[in-house]
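A.B. asks: pasted the sequence and its predicted model underneath.
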Amino acid sequence: HFSYTAAAQTKDNMSDDAKLPAGWEIRHSSKHNKSYYFAPATKQSQWHMPTEPAPTEDKSGSKRAASDTKSKPATTVQASHILIKHRDSRRPSSWKEETVTRTKEEAAAKLQKILDRIKAGDITFAQAATEESHCSSYKRGGDLGPFEFATMQPAFSEAAFSLDVGEMSGLVYTDSGVHIILRTK
């Protein structure tokens with residue numbers, strides 16, 4: 001899925017104000033046809049330019065940032081999601097609808113009602129995903145399995161990686177449509 005050719009960091013290809021912090025490489029995702037940032041020591045990847053030195057592994061094997069001893073975010077998470085597509089989605093069709101005609105606003109309103117039902121305890125996340133999600137993961141109650149940051153669209157990864165295990169997002173907008181994300185691991 002990805003090409004792992006690291007771009008050299010030189011004064012020729014980076015401006016003074018865009019210097020890459022220590023321990024990071026620029027790589028290119030052939031799947032998404034854009035660059036991302038990768039820390040080889042921990043295999044952490046992200047779409048946005050890092051602002052701190054990359055995490056490293058200390059002698060005990062725990063991952064730590066080069067500049068401090070605070071724990072860092074996971075490099076892989078597992079999440080479930082519910083996707084509602086709209087007519088401007090990158091592929092406006094699904095197992096539920098051959099041709100999706102709703103607007104982005106209608107998709108958001110539909111998903112907000114689902115979110116409200118989950119929060120009220122009227123339906124579980126997995127039940128809602130199975131009944132309502134436009135993603136093929138509906139077969140698994142919305143479970144996407146484990147994934148790294150760079151494998152999903154940036155807005156989706158930003159949301160999924162910012163959640164605590166067991167925490168559910170609000171509405172998340174991507175090129176695929178509108179999502180609710182539940183981090184499971």
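C.D. replies: Happy to help now that I have it.

A.B. asks: please enumerate the helices of this protein.
C.D. replies: 104-120, 125-132, 154-162 (DSSP state H).

A.B. asks: going by mean pLDDT, which of those comes out lowest?
C.D. replies: Comparing mean pLDDT across the helices of the chain, the weakest is helix 154-162, with a mean of 91.

A.B. asks: can you name the residues that contact residue 80?
C.D. replies: 125-126, 129, 137, 140-144, 181-182, 184 (C-beta atoms under 8 Å, 6 or more residues apart in numbering). Where you see a C-beta, it was placed from the backbone N, CA and C, and this is true even at glycine.

A.B. asks: grab the most central residue of the protein for me.
C.D. replies: Nearest to the mean C-alpha position of the chain, by C-alpha atoms, centre = their mean, lies residue 157 at 1.5 Å.

A.B. asks: that one and residue 169 touch, don't they?
C.D. replies: No. Residue 157 lies out of contact with residue 169 (C-beta atoms under 8 Å); the separation is 11.7 Å.

A.B. asks: burial measure for the closest residue to residue 112 other than its chain neighbours, as a count.
C.D. replies: Leaving aside its chain neighbours, residue 112 sits nearest to residue 171 (6.6 Å; criterion: C-beta to C-beta, 6 or more residues apart in numbering). By the criterion of other C-beta atoms under 10 Å, residue 171 has 16 neighbours.

A.B. asks: do you know how far residue 29 is from residue 157?
C.D. replies: Per C-beta to C-beta, to the nearest Å, residue 29 is found 12 Å from residue 157.

A.B. asks: okay, and the common contacts of those two?
C.D. replies: The contact sets of residue 29 and residue 157 overlap at residue 150 (C-beta under 8 Å, 6+ apart).

A.B. asks: which residues touch residue 90?
C.D. replies: Residue 90 neighbours (C-beta under 8 Å, 6+ apart): 175-176.

A.B. asks: again but with residue 178, I slipped
C.D. replies: Taking C-beta under 8 Å, 6+ apart, we find residue 178 in contact with 83-84, 86, 104, 107-108, 111, 171-172.

A.B. asks: tell me how many other residues surround residue 114.
C.D. replies: 20.
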